[in-house]
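> Sequence first, predicted model second:
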Amino acid sequence: MAGYGDDAGFTAYATAAGYTVPAGTIAAARQRGSSYIDGTYGMRFPGQPTGGLAQERAWPRTGATAYGVTLASDLIPQRVIDASYEAAYLELVKPGSLSISYDPAKKVKRQKVDVIEREFFEPGAGGNIFAPDAPVSTIIEGLLAPLIGPMFGLPDILVV
């Protein structure tokens, strides 16, 4: 399974963004970044994978639109490729950061050591209810904003 884009494209993206790419296997990081994009945003992308269930990646898609324009069924939008590059960079900077395992039984609410005390709040109603510790990148969110719908298929605005 290949990640979106290619190693040269990743290097060009990182250079243009002013990133210093840490040592690591770019192809493997691109694979993990692409898997993160598909797993986190795949259900919110418009349309359906062109190759159906046999397709390895969420893109290309049939019936996808952006800015009111229907996208070609063989297109992988540059925004998806760039978002996967951004995720790959995050993975290279901090290996394993895209693969957070969450165990609610081990969530710390309050911790006190001698006179030092810390308390953490649970995510609010708008928080990530599935994986509260999952990374959120505003760059990735911004890149994918024109392509993703609201969570759970609800409209952005309800009129009553």
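Looks like it arrived, so ask away.
> When you work out contacts or count neighbours from here on, use the C-alpha atoms and nothing else.
Noted.
> Please report phi then psi for the residue most central in space within the chain.
When Cα atoms, centre = their mean is applied to the chain, the residue found nearest the centroid is residue 37 (3.7 Å). With angles defined as degrees, to the nearest 10, residue 37 sits at phi -60, psi -50.
> hang on, isn't it packed against residue 85?
No. Taking contacts as Cα atoms under 8 Å, residue 37 lies outside contact range of residue 85: 9.8 Å.
> Identify the contacts common to these two.
Common neighbours of residue 37 and residue 85, using Cα atoms under 8 Å, 6 or more residues apart in numbering, do not exist here.
> Leaving out sequence neighbours, find the closest residue to residue 70.
Leaving aside its chain neighbours, residue 70 sits nearest to residue 64 (5.9 Å; criterion: Cα to Cα, 6 or more residues apart in numbering).
> so who does that neighbour touch?
45, 46, 47, 48, 70, 71, 72, 73.
> element containing residue 86?
According to DSSP states H and E, residue 86 maps onto helix 78-93.
> For that helix, C-alpha coordinates in PDB please.
Output of helix 78-93 as PDB, limited to C-alpha atoms (Å, rounded to 0.1, in the frame of the first residue of the first chain):
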ATOM      1  CA  GLN A  78      -3.400  18.100  -4.000                       C
ATOM      2  CA  ARG A  79      -4.900  19.100  -0.600                       C
ATOM      3  CA  VAL A  80      -5.200  15.400   0.300                       C
ATOM      4  CA  ILE A  81      -1.600  14.800  -0.800                       C
ATOM      5  CA  ASP A  82      -0.300  17.900   1.100                       C
ATOM      6  CA  ALA A  83      -2.300  16.900   4.200                       C
ATOM      7  CA  SER A  84      -0.700  13.400   4.100                       C
ATOM      8  CA  TYR A  85       2.700  15.100   3.800                       C
ATOM      9  CA  GLU A  86       2.000  17.200   6.800                       C
ATOM     10  CA  ALA A  87       0.900  14.100   8.800                       C
ATOM     11  CA  ALA A  88       4.100  12.300   7.600                       C
ATOM     12  CA  TYR A  89       6.200  15.200   8.800                       C
ATOM     13  CA  LEU A  90       4.500  15.100  12.200                       C
ATOM     14  CA  GLU A  91       5.200  11.400  12.300                       C
ATOM     15  CA  LEU A  92       8.900  11.900  11.500                       C
ATOM     16  CA  VAL A  93       9.300  14.600  14.100                       C
END
